[in-house]
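>>> This is a predicted model, with the sequence first.
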Number of protein chains: 2
Amino acid sequence: MVETREVTRPNMVWDAWGVPSGHAPLPEKIRTLLAQVFGVSGEPVARRDEDEVPLRASALTAAELAELSALVGADHVSIEHRDRLLRAGGKSTPDLLRRRGEGPQDAPDAVVFPADHEQVLAVLAHCAERGIAVVPFGGGTSVVGGVDPARGEFDAVVALDLRRLDTLTELDAVSLTATLGAGLTGPQAEELLGAQGLSLGHFPQSFEFATIGGFAATRSSGQASAGYGRFDDMIQKLRIATPSGTVEVGRAPASAAGPDLRELFSGSEGTLGVITEVTLRVHPKPETVAYQAWSFPDFATGAAALRTVVQTGAAPTVLRLSDEAETGLNLARAGDIGGSAVTGCLAVTTFEGAAAHVEARNAEASALLVAAGGVALGEQPARDWEHGRFSAPYLRDALLDVGILCETLETATSWSNLAALKAKVTAALVDSLTAQGTPALVMCHISHTYPTGASLYFTVVAKQAEDPLAQWLRAKQAAGDAIIATGGTITHHHAVGEDHRPWLGAEIGEVGVAVLRAVKQAVDPAGILNPGKLIP
Amino acid sequence: MVETREVTRPNMVWDAWGVPSGHAPLPEKIRTLLAQVFGVSGEPVARRDEDEVPLRASALTAAELAELSALVGADHVSIEHRDRLLRAGGKSTPDLLRRRGEGPQDAPDAVVFPADHEQVLAVLAHCAERGIAVVPFGGGTSVVGGVDPARGEFDAVVALDLRRLDTLTELDAVSLTATLGAGLTGPQAEELLGAQGLSLGHFPQSFEFATIGGFAATRSSGQASAGYGRFDDMIQKLRIATPSGTVEVGRAPASAAGPDLRELFSGSEGTLGVITEVTLRVHPKPETVAYQAWSFPDFATGAAALRTVVQTGAAPTVLRLSDEAETGLNLARAGDIGGSAVTGCLAVTTFEGAAAHVEARNAEASALLVAAGGVALGEQPARDWEHGRFSAPYLRDALLDVGILCETLETATSWSNLAALKAKVTAALVDSLTAQGTPALVMCHISHTYPTGASLYFTVVAKQAEDPLAQWLRAKQAAGDAIIATGGTITHHHAVGEDHRPWLGAEIGEVGVAVLRAVKQAVDPAGILNPGKLIP
């Protein structure tokens, strides 16, 4: 009964990242590396066909489905196998390991496709009255269990797929703002803006599939965050449907009219309402892009160099640094993993804008990086990084298929605490996995910088144990505990979802949790919105 | 019973802005101007001596005062006439007109001076149990009724003066952050930081008297906001005492761990807790400051020029533009009001930082301003502006004393809506005052710019009517209604307090108000914190 919209936006495959065309067998040099380091053969296991995956039967009756159909149209409520399966959850490694496991998959009892804000409001009011849980669903790229079809205290759950909210509603070419439907994916948004000579500048690794609403709901941060800011920085206005009615927040670029409620609904992860429309700062498409790669002798020297650049306000668009392990494995240059690597630590800068602006900023940053011990490597390694920047999740799938555990996690802290946090999290991961009999490779990079601190993004690779899910959850527990104990945030840009919820109380404290619960009670008194996510 | 701390921070006089040394008779050329335009003689009326002002007797019994003394020490609870009178409210024109009126003044029933966070917690818990309202008090510079001694449903109110929370608790020279006590004034904070070669870069007009806690609680924005950001942008962490316990928010420069609760307590205006400590981004003291003034033929041309500069990221430290009326009266150059003025519209830019950085930014911005129709006026008018930048409130007092009504108000909106908002607010003020028989001069400037919009700051001058308070409140009502009707925010940097509360519902909507009330209920269930402010 559901319209197919594959033309404008592809669905991801049910048990892996991305689209089929992105998947390829592991290159020979990576298989050799895996055989040497982990003693695995590199032969992939077969995966199940989606049609053969047993799903629990929909808990919704025909009458209940008819009621939902009355709100959005019968063509826009689906209980079809594939529609449900594709909204069975996100794309964390635990998600993918569960999909690869035997047995039935959980899935939402129906998928509802509202056409607009008013239909979202109507569905929420209806589900609140009937006691049906609602999981807002954008691109399904969550890596923290943020879109798992949890029912909470209810008997049924629907996935509220926002893909029909896919328009550029308003464009203000003077103020450089655009109002975008929550269901637009990154490429769709860029296409609509690009036709007007504009760009959002938001390019997280999930860019190809994730949506505007999802970016806002999870406080996404893109690879060009040094230049264009985090997604929450871009938000001018939010329109949100809640079971208690509509909220519209953001009347001006900045205001002193009390608490900034944009910052309460940004990062609310579908638990406080459904973001249906986002007004964002946009930019003219850059005239020029300058690329420059750098080598630093070690991570501490490189980090200090990045710090100088961002504290001086030299304003690159991209500013990142791989540690020795990530540089050695060429992980920042996906096409060349296992090939001859840059020595030390690779850093990448790019600069976008008008030619003179780019030239001045690049000159200022380059002088600072040289003074801080950087050696210029020319453009190519930076272009290589950009070329492969969305491909790492495909590599993870190929690794999972050959018996390798691969997952990422991330945090952020102040510059002065960065080395300690990196050491403690690395040790926690290595120790946990070694104790389980599977020594791990842990690599790290800085990809988001601020004047006062930076993010740390870890990639972990080990041989899969007998029960790889349990194996990873132990390592993740150790890493999360180390992050909190060492003063980092439990997540810099992946959000909380189900997976980080155990640590949120430590992050924001008892009164902070009470505040979130009070807000939840005010906007969603029946508690139907995204049960089990975010709020402890 | 209270310690005197006049050495380190002056109290403002009870019925006017600032300290006695800042007050002076009106210069002859201003008196001439006032006689010509408004027909007033320029002879000031006498003001009351503070010792002779009748105050309502304290509603607190000796036993109640003893209980408070047990928490903070007897030396730190005062019911002395002067201590109460100096915390009788803020410094809006309505406040000052009320002080200048006959009859008794309202004042808090006692002033309590806690030593630290734990004492604030103890006082809040005690007052919640006993049903005593608490008004957190910093510098007392509110111009929106934010510190009025309102009792709400209670019989008594204490002012919680935070001046003893006056230390630099922690300095992170690597991350460039400093943790400052909430009671430090602007100059005190700059002195402590300056000794380490650092500066906060926050210079609002209230700088000399307002406090770190007040800046955070009201979302203050300083005159160098183009370069150093709004105060809320500077906040890394907040420590807050609430009747329900302590909240500490901000574990990292940025995070995706749910809603950003820093942005919920920033701007909470003492209604959700008492901010006791703020960790802020700081900067090395600038090596160089470059000044440049500009003339634009009209406000629209000047505004478009500022927009280009900020959208390009040319990054001045100060970026402001006076309209034709403000330029004509030389209001941006306080020492020269009524003297020979720059024609058209005066703009000021400054650039701070390392010499090469300043030079490059100044060159980029200058080229953009010239291309947009600006004529360079050299350094002097920009230096004149900086020299007089804290003196306007003193001038207001001198005008009030000679029968002139003078007040300011401010808003912000997108660049595309700026001209319409300016026109509508100006018309509302002029029409309201003209209808009351007192034609007004309305001047305006842009002092805070963002890539997507800007602030508008209005100064209104008219002859006082028989009842100047009623006269102004009618004009203010008209202006506030025009702001909301034209899409502006009811306040860009003055906060909500009592005076803007009637418009907050229109600003954030019914669900937004319900959210604030729910948070209030969670952290302050007895409702003792700053009754009658912010939350409708």
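Thanks, I have it.

>>> near chain B, anything from the longest helix along chain A?
What stands out as the longest helix in chain A, according to DSSP state H, is helix A:501-523. Yes: residues of helix A:501-523 contacting chain B under Cβ under 8 Å from any Cβ of the partner chain: A:504, A:507-512, A:514-519, A:521-523. The way it works is simple: take the backbone N, C-alpha and C, and place the C-beta from them, glycine included.

>>> by how many degrees do that helix and helix B:501-523 diverge?
Here helix A:501-523 runs at an angle of 130 degrees relative to helix B:501-523 (axes from the mean of the first three to the mean of the last three Cα atoms, to 10 degrees).

>>> And the average pLDDT for helix A:501-523 is what?
Here helix A:501-523 scores 98 as its mean pLDDT.

>>> For that helix, buried residues please.
Buried residues in helix A:501-523, defined by neighbour count with 16 or more other Cβ atoms under 10 Å in any protein chain shown: A:501, A:503-504, A:507-509, A:511-516, A:518-520, A:522-523.

>>> repeat for stretch A:523-536
Neighbour-count burial for stretch A:523-536 [16+ other Cβ under 10 Å]: A:523-524, A:526-536.

>>> got the end-to-end distance for it?
When the termini of stretch A:523-536 are compared using Cα to Cα, to the nearest Å, they are 17 Å apart.

>>> Same check on stretch A:515-533?
In stretch A:515-533, first residue to last residue: 16 Å (Cα to Cα).

>>> and what of stretch A:153-165?
Stretch A:153-165 end-to-end distance (Cα to Cα) = 29 Å.

>>> thinking again about what came up before, would you mind giving the buried residues of stretch A:523-536 as a markdown table with secondary structure added?
As requested, those are arranged in a markdown table below (DSSP: H, G, I helix; E, B strand; the rest coil):
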| residue | secondary structure |
| --- | --- |
| A:523 | helix |
| A:524 | coil |
| A:526 | coil |
| A:527 | coil |
| A:528 | coil |
| A:529 | strand |
| A:530 | coil |
| A:531 | coil |
| A:532 | coil |
| A:533 | coil |
| A:534 | coil |
| A:535 | coil |
| A:536 | coil |
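
>>> need the helices for the stretch 401-536 of chain A, in chain order.
For the stretch 401-536 of chain A, the helices defined by DSSP state H, counting those that start in this stretch cover A:418-435, A:468-485, A:501-523.

>>> actually the stretch 201-350 of chain A, sorry about that
Going by DSSP H, counting those that start in this stretch, the stretch 201-350 of chain A shows helices at A:212-218, A:225-228, A:231-234, A:262-265, A:299-312, A:324-328.

>>> Deepest-packed of the ones you listed, please.
Stretch with highest mean neighbour count among the helices of the stretch 201-350 of chain A: helix A:212-218 (a mean of 31; mean count of other Cβ atoms under 10 Å in any protein chain shown).

>>> Any residue of it touching chain B?
Yes: figure legend: helix A:212-218 in contact with chain B (Cβ under 8 Å from any Cβ); contacting residues residue A:218.

>>> Go ahead and produce CSV holding the CA coordinates of that helix.
Extracted C-alpha coordinates of helix A:212-218, given in CSV (Å, rounded to 0.1, in the frame of the first residue of the first chain):
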residue,chain,number,x,y,z
ILE,A,212,17.3,17.0,8.1
GLY,A,213,14.9,16.1,10.9
GLY,A,214,17.3,13.4,12.1
PHE,A,215,20.3,15.8,12.0
ALA,A,216,18.3,18.2,14.3
ALA,A,217,17.0,15.5,16.6
THR,A,218,20.4,14.0,17.2
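
>>> how far away is residue A:318 from residue A:290?
Here residue A:318 is placed at a distance of 10 Å from residue A:290 (Cβ to Cβ, to the nearest Å).

>>> who has more neighbours, these two?
Relative neighbour count places residue A:318 above the other of residue A:318 and residue A:290, with 26 against 22, counting by other Cβ atoms under 10 Å in any protein chain shown.

>>> pLDDT below threshold where in chain A?
A:1-8, A:331-341 (pLDDT under 70).

>>> repeat that for 80
Chain A contains residues with pLDDT under 80 at A:1-8, A:330-342.

>>> ok, now which ones touch residue A:109?
For residue A:109, the contact set (Cβ atoms under 8 Å, 6 or more residues apart in numbering or on different chains) comprises A:58, A:59, A:60, A:79, A:84, A:149, A:156, A:157, A:158.

>>> Dump those into TSV; add secondary structure as well.
Listed next are the contacts of residue A:109 as TSV, based on three-state DSSP:
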residue	secondary structure
A:58	coil
A:59	coil
A:60	coil
A:79	coil
A:84	helix
A:149	coil
A:156	coil
A:157	strand
A:158	strand
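
>>> Show the buried residues in the residues you listed.
Listed as buried from the contacts of residue A:109 are A:58, A:60, A:79, A:84, A:149, A:156, A:157, A:158; burial here means 16+ other Cβ under 10 Å.

>>> okay, these in TSV with distance to residue B:406 next?
What follows is the buried ones among the contacts of residue A:109, written out as TSV (distance: Cβ to Cβ, whole Å):
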residue	distance to residue B:406
A:58	69
A:60	66
A:79	68
A:84	67
A:149	62
A:156	64
A:157	61
A:158	59
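
>>> for those residues, which one is nearest residue B:198?
residue A:149 (51.1 Å; Cβ to Cβ).

>>> and the residue lying farthest from the centre of chain A, how far is that from chain B?
In chain A, residue A:63 marks the outermost C-alpha relative to the chain mean, sitting 36.7 Å out by Cα atoms, centre = their mean. Noted for residue A:63: a distance of 31 Å to chain B, by Cβ to the nearest Cβ, to the nearest Å.

>>> Secondary structure class of that residue, three-state.
Put simply, residue A:63 is helix when judged by three-state DSSP.
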